[in-house]
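have a look; sequence and predicted model below, questions after that.
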Amino acid sequence: MNLSKKILIASVLATSVSAVHAVETLIDFEDQELVSLSPGISELTLGNVTFEGSGGLNNGIFGLLSGTNQVDAADYSGQLLANGGAGFTALKLSFANAVSDFSFNFGGNQSDWELEAFDTSGLSIGSLMIEKIVPLGSNNGKVFGLSSALSEGISYATLTGGAGFGGFSDTVGIDNFKYTEVEVSPIPEPSTYFLMLGGLGMVGFMAYRRRKTV
């Protein structure tokens, strides 16, 4: 390979604008301080995700429970996020940095819940209906989630359910929340562009020299 070709290849490599790296992150709630359902909390930020509850008798509260729990016959081992009978009827999942996909274990629902994802403009990307389970506990260990092929990814999602019995919330549990954040490397520094221009100029100079010596 002659010198001019080497310089041209080097200049092109130096101007690679971006590289995409998919990194999956797990939130299993195991390292979090326990929160009882009374008084509970209505917002929690862990890493790239903010969980924000709304609705219900107690204005969207939820807790972080421990041990082997049964949420309407849905078994969980270790810590999990649960709403309780007076907790949220809707949960917003906001991502500080957009994600290409997310998923989680979900169980105990006695009514239909809808999971819907949105882009940065608030436009719906897609939705999934999680139908009520019969018998209770039959969706133990099942994973629900959404993904997006759009370059801008998913900005936030909502999980919305119906009421339980007697005016109480439909008691549900969430665990093992996973998401894939798309990271794009920054645009090259101005010096990189100078390197490209210098390399192309050198290619032209070498071609000129070859013509002179022929």
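Nice, thanks for sending it over. Residues are numbered from 1 along each chain as shown.

per-residue pLDDT, Pro205?
You called it Pro, but residue 205 is Phe. At Phe205, the predicted lDDT confidence score is 45.

Gly162 now?
Reading off the model, Gly162 has pLDDT 70.

what do you get for Asp75?
The predicted local confidence for Asp75 is 57.

domains in the protein, by residue range?
Following automatic domain parsing, one gets these domains for the chain: 3-13+188-213, 20-184.

quickly, which of these bottoms out on average pLDDT?
domain 3-13+188-213 - the lowest mean pLDDT of those, at a mean of 47.

show me what contacts Phe102?
Leu93, Phe95, Gly145, Leu146, Ser147, Ile154, Ala157, Phe177, Lys178, Tyr179, Thr180 (Cβ atoms under 8 Å, 6 or more residues apart in numbering). All C-beta atoms are positioned from the backbone trio N, CA, C, and that covers glycine.

for Val23, state which of those residues is nearest.
Lowest distance from Val23 to these (Cβ to Cβ) belongs to Thr180, with 6.7 Å.

quick one: the closest one from Thr120, how far?
In this view, Thr180 and Thr120 are 17 Å apart by Cβ to Cβ, to the nearest Å.

mind listing the helices for the chain?
All helices of the chain, identified by DSSP state H, fall at 3-14, 190-213.

the longest strand in the protein is where?
The longest strand of the chain (DSSP state E) is strand 90-107.

so what strands line up beside it?
Looking at strand 90-107 with DSSP bridges, its partner strands are strand 49-54 (antiparallel), strand 143-147 (antiparallel), strand 154-161 (antiparallel), strand 173-184 (antiparallel).

right, I'll call it a day here.
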